[in-house]
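In: all I have is the shape, not the residue letters:
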């Protein structure tokens, strides 16, 4: 099922007074993509839909009275990433375990002014495989190159959409470079 999305609009951040371009989720108020015009910050989130992917433990645990802990909208991660002009420190602090409140996600934060792209996920397999490359807990600063993400983890060579997109992007970039 698809969720209703409001049209692309310009709005003012209530926390930073920055101008944001986004199409808000009509259910939870978050967004899959937000661009902060003043700061040059672009934030994008995808959900994780991998077979065998386990949700964070906090989402599986039952609280008192048998009620499940309420999940937060992943679109709110995008809001924070687009309005905080630092790294993902708000998501990576050990004491918060903020990522455990969300269903599986990939989050990209692109600082277009500095040319820096950061990737953050609560995908435990990816975290275990790449922990030695991470700048902070589960956060990775991407190197130059062609990177793709879909509903798997970053650069997953087994995910068909990622393989197709990476090849198509590389072909298009080669064509553009040859014609210039």
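Out: Great, that's in hand. Since the structure is predicted, the reported quantities are computational estimates derived from the model, not experimental observations.

In: the helix or strand of the chain with the lowest mean pLDDT: what's the following helix or strand?
Out: Least confident element among the helices and strands of the chain, by mean pLDDT, DSSP states H and E: helix 57-60 (a mean of 50). Counting by DSSP states H and E, the next helix or strand C-terminal to helix 57-60 is helix 75-83.

In: which helices and strands sit right next to that next one?
Out: Applying 3 or more CB pairs under 8 Å, 6 or more residues apart in numbering; DSSP states H and E, we find helix 75-83 packed against strand 19-22, strand 33-36, strand 41-47, helix 89-92, strand 105-111. Every C-beta, even on glycine, is put in place using the N, C-alpha and C of the backbone.

In: among those, which is nearest residue 165?
Out: Closest of these to residue 165 is strand 41-47, at 12.1 Å (criterion: CB to CB).

In: how far off strand 105-111 does that closest one point, in degrees?
Out: 170 degrees (axes from the mean of the first three to the mean of the last three CA atoms, to 10 degrees).

In: and strand 41-47, how far out from the chain's middle?
Out: Relative to its chain's centre, strand 41-47 lies at 4 Å (CA atoms, centre = their mean, to the nearest Å).

In: for stretch 74-88, same thing?
Out: Relative to the centre of its chain, stretch 74-88 is centred 9 Å away, using CA atoms, centre = their mean.

In: in contact with the residue nearest to the spatial centre of the chain: list those residues for me.
Out: A centroid search over the chain (CA atoms, centre = their mean) returns residue 107, at 1.3 Å, as the residue closest to the centre. By CB atoms under 8 Å, 6 or more residues apart in numbering, the contact list for residue 107 reads 43-45, 74, 77-78, 81, 88, 91, 119-121.

In: and the least confident of these?
Out: Ranked by pLDDT, these bottom out at residue 91, which has 53.

In: mind checking the longest helix of this structure?
Out: helix 160-179 (DSSP state H).

In: what lies in contact with that one?
Out: 146, 148-152, 155-157.

In: where does this structure have low pLDDT?
Out: By pLDDT under 70, the low-scoring segments of the chain are 1, 50-71, 85-100, 124-138.

In: mind listing what's buried in stretch 25-33?
Out: Buried residues in stretch 25-33, defined by neighbour count with 16 or more other CB atoms under 10 Å: 25, 30-33.

In: switch those over to a markdown table; also include distance to residue 166.
Out: As requested, these are exported to a markdown table (distance: CB to CB, whole Å):
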| residue | distance to residue 166 |
| --- | --- |
| 25 | 28 |
| 30 | 27 |
| 31 | 25 |
| 32 | 20 |
| 33 | 20 |
